[in-house]
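# need a 3D model of the following:
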Amino acid sequence: MLYTFLLFLLIPTSSYGITDDEEEYKDSYKESLKIKTLPSGHLYTYLEFTINATHLSNHTRYFPRALSEILEQHSIQELHFALTQGHWRVESWGDPILPAPGGAQVIAWFIAQDNESASHNWKGLTSRLSGLTCASLNFLDDRNSIVPKFGYRPTGSKSEFDTSFPLFVRVGSLPKENFCTENLTPWTKLLPCGVSRGLASLLRSKQVFNTHYHSAGIQFTKTKTGVELKLTLSLVFDSPKQANFRPNENFVRRTFGPVAIFPCQPSSKTSLELWKNNSWTEIDHTSLNSLKVSDIPIGQLSDLKLVFTPMKYLGGFGQEYGEMIVEMTNHLDDRHLPILYIEVLPWYIRPYLHTMKIEVKPEGLKMLSEPGQLFHYTPGRDREVLHKLEMDFQLPPKSTVRVSFMVEKRHLRWDEYPPDANHGFYLESSHFELNKTDSADDSQPSTIYYYSRKLLVNLSTPDFSMPYNVICLTCTVVALAFGPLHNITTKSLRLTPMPTKKAKFVQFWNKLIRRKTASDEVIEPQILNQTERPETEREPIPESDTQNNTSNGMSPISSTSSGCVKK
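Predicted coordinates for the structure are as follows:
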């Protein structure tokens, strides 16, 4: 008993104390929560969980082993995964901390021997990520992904990449993918403490999915000291005024539900930051449980400082042709913006680049250089390759550049339509990259991503109810034709002589006489009187009446005879 007690005391020491394994890996885990009231009044919360390790290994302390095996198996140098529901409204919310397009997106840099092995590696990566995140990423193959030439540069330390083999990049998007509970649960299992402790205990499905915008991300990069994994979650709640928040109410209870936050032991640092005076201000994270609604600064419209806003929509009319229109607006007063525009279209939306028109509004403004200094176009092939366009622009100050080109909507086979064919087809968001290499602020990333809205396009859809109508009509015709054919083939035909008029009259008269005779027989009385009935048909006398008459000194015969005399 004493030995068991001593062993129990030694277990925490060996688990949380400094061991040789910790000195070798030097893993660290941090978590942070940022709260900001957007200029529109909505409440924006950003959770970030960071895990640092010296290298990938099957024996890790904080790094999730399920993800580590996938990254090591496919020689991943950098990985970005995002699953988003909703659209970030840049024009009214400002720039997000981590932008993401609607639906699912996977960006991966990995090494491979050749292009064929790279495609095989990409297919295996998306299939395993599909099982890890419970998303439909297994549909991302070479037919639904692109190989960018200028865009999607690595955000980590490229000098730490493995250069033993050529480096490849693949980008795939599923704009129709939804973000629901079955995706949030495996995402939280990648955290060292799960949802039981730490800031992750705020994540309740009812509150997370009852928001205007929610996006979960997995960011894996290589740094000079090792590898870094960031698990991010962005949420946009209703405005506190619209939700009838009271100033003295508990902020956590009112926003995330009744939950108490307990510290996560593996976390070396837990930070809580509020947006005040156009900057992030860190406060004591232990005061999160007692944080009140009045402690959250109120957002003002003056805080909205826009730099760049994109817009994408489809014009034209009809089911065969249309016009793709993209508008890029520079909100700065004294600076040109270098923008890299990347458009990806499915094979059934064929662009005609010879019809491209570029207009600058207001008129009279000119770009620093002609657009298309960086230009790359990959024409699509039916059911094999997507259409991809990469093109750069120099947006003048306080201007809007409008790019338009004609597109053709192709016809699909009947078995290529989804179950909800009349709902339409989603086109993935346009991708924009703003280069900030000349910025003096080193804390900001050198490249900022922007995404437009995803489009819903209607194609020529056949009438899928017609097969049902054909089946019903065919069955009806067969049923109506089966009866006469069956009678003709199974019954014998006899010739019957046609009767004359006299024979018909005689037949009618005989039938009438038979009916009259039958009715007379029914009217004739069939029940005789009691005295006229035979002895055998008279009603029997109950035994009780016989016993009573016997007890009175009368016999049954005398009783009957007395009735006859009275009559």
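# any idea which element the residue nearest to Thr45 when sequence neighbours are not counted lies in?
Leaving aside its sequence neighbours, Thr45 sits nearest to Leu235 (Cβ to Cβ, 6 or more residues apart in numbering; 4.9 Å). Placement of C-beta: from N, CA and C, glycine included. Using DSSP states H and E, Leu235 sits within strand 226-237.
# do Trp280 as well
Per DSSP H and E: strand 279-283 holds Trp280.
# for the strand holding Leu235, what is the average pLDDT?
Averaged across strand 226-237, the pLDDT comes to 94.
# neighbouring strands - and their directions - for that strand?
strand 43-53 (antiparallel), strand 213-223 (antiparallel) (DSSP bridges).
# so how far is the first one off the chain centroid?
It stands for strand 43-53. 23 Å (Cα atoms, centre = their mean, to the nearest Å).
# please save the CA atoms from it in PDB.
Extracted in PDB, the C-alpha atoms of strand 43-53 (Å, rounded to 0.1, in the frame of the first residue of the first chain):
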ATOM      1  CA  LEU A  43     -18.300  41.800 -31.300                       C
ATOM      2  CA  TYR A  44     -15.200  40.100 -32.800                       C
ATOM      3  CA  THR A  45     -13.200  37.500 -30.800                       C
ATOM      4  CA  TYR A  46     -10.100  35.800 -32.000                       C
ATOM      5  CA  LEU A  47      -8.600  32.700 -30.300                       C
ATOM      6  CA  GLU A  48      -5.100  31.500 -31.100                       C
ATOM      7  CA  PHE A  49      -3.400  28.400 -29.700                       C
ATOM      8  CA  THR A  50       0.400  28.200 -30.500                       C
ATOM      9  CA  ILE A  51       2.500  25.100 -30.200                       C
ATOM     10  CA  ASN A  52       6.300  25.300 -30.800                       C
ATOM     11  CA  ALA A  53       8.600  22.300 -31.200                       C
END
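# what about the helices in this structure?
In the chain, the helices defined using DSSP state H lie at 2-16, 20-25, 65-73, 90-93, 115-133, 181-188, 205-208, 251-256, 466-490, 501-523, 543-551, 556-566.
# may I ask which helix or strand of the chain has the lowest mean pLDDT?
Ranked by mean pLDDT, DSSP states H and E, the helix or strand of the chain with the weakest confidence is helix 556-566, at a mean of 38.
# near His120, how many other residues are there?
Number of residues near His120 (other Cβ atoms under 10 Å) recorded here: 14.
# and it, what's its pLDDT?
93.
# and what of Pro247?
Looking at Pro247, the pLDDT reads 79.
# surely it touches Ile296?
No. With contact defined as Cβ atoms under 8 Å, Pro247 does not count as touching Ile296 (9.8 Å).
# neighbour count for those two, which is higher?
Higher neighbour count among Pro247 and Ile296: Ile296, with 20 against 10, using other Cβ under 10 Å.
# contact partners for that one?
Ile35, Thr37, Leu43, Pro240, Phe251, Leu274 (Cβ atoms under 8 Å, 6 or more residues apart in numbering).
# do that again at 6 Å, thanks
Applying Cβ atoms under 6 Å, 6 or more residues apart in numbering, we find Ile296 in contact with no residue.
# looking at the residue nearest the centre of the chain now. What's its pLDDT?
Ranked by distance to the mean C-alpha position of the chain (Cα atoms, centre = their mean), the top residue is Asn178 at 1.8 Å. Per-residue pLDDT puts Asn178 at 92.
# report the beta-bridge partners for Leu231.
Residues in beta-bridge contact with Leu231 (DSSP bridges): Phe49, Ile218.
# quick one: it and Ser287, what's the gap?
Distance, Leu231 to Ser287, using Cβ to Cβ, to the nearest Å: 24 Å.
# give me the more crowded residue out of the two.
Shown here are Leu231 and Ser287; by other Cβ under 10 Å, Leu231 has more neighbours (21 against 11).
# my read is that the more buried one contacts Ile51, right?
No. The criterion here is Cβ atoms under 6 Å, and Leu231 misses it with Ile51 at 7.9 Å.
# dump the residue contacts of the closest residue to Lys176 other than its chain neighbours.
Leaving aside its chain neighbours, Lys176 sits nearest to Tyr426 (4.7 Å; criterion: Cβ to Cβ, 6+ apart). By Cβ under 6 Å, 6+ apart, the contact set of Tyr426 is Pro175, Lys176, Lys454, Leu456.
# 10 Å instead?
Counting by Cβ atoms under 10 Å, 6 or more residues apart in numbering, Tyr426 touches Gly102, Gly103, Ser173, Leu174, Pro175, Lys176, Glu177, Pro346, Lys454, Leu455, Leu456, Val457.
# tally up the residues packed near the third one, please.
Per other Cβ under 10 Å, the neighbour tally for Ser173 reads 26.
# can you check the first one too?
Using other Cβ under 10 Å, Gly102 is surrounded by 28 other residues.
# for Lys230, see how far away it is.
For Gly102, the distance to Lys230 - Cβ to Cβ - is 21 Å.
# beta-bridge partners for the residue nearest to Lys176, please?
Leu456.
# just the pLDDT at it, thanks.
At Tyr426, pLDDT is 95.
# from Ala216, how far out is it?
Going from Tyr426 to Ala216 by Cβ to Cβ gives 19 Å.
# same thing with Gly257?
19 Å.
# pretty sure Val195 is touching Phe256, no?
No. Using Cβ atoms under 10 Å, Val195 is not in contact with Phe256, being 11.6 Å away.
# list the residues that contact both of those two?
Joint contacts of Val195 and Phe256 (Cβ under 10 Å, 6+ apart) are Ser201, Leu202, Leu203, Arg204.
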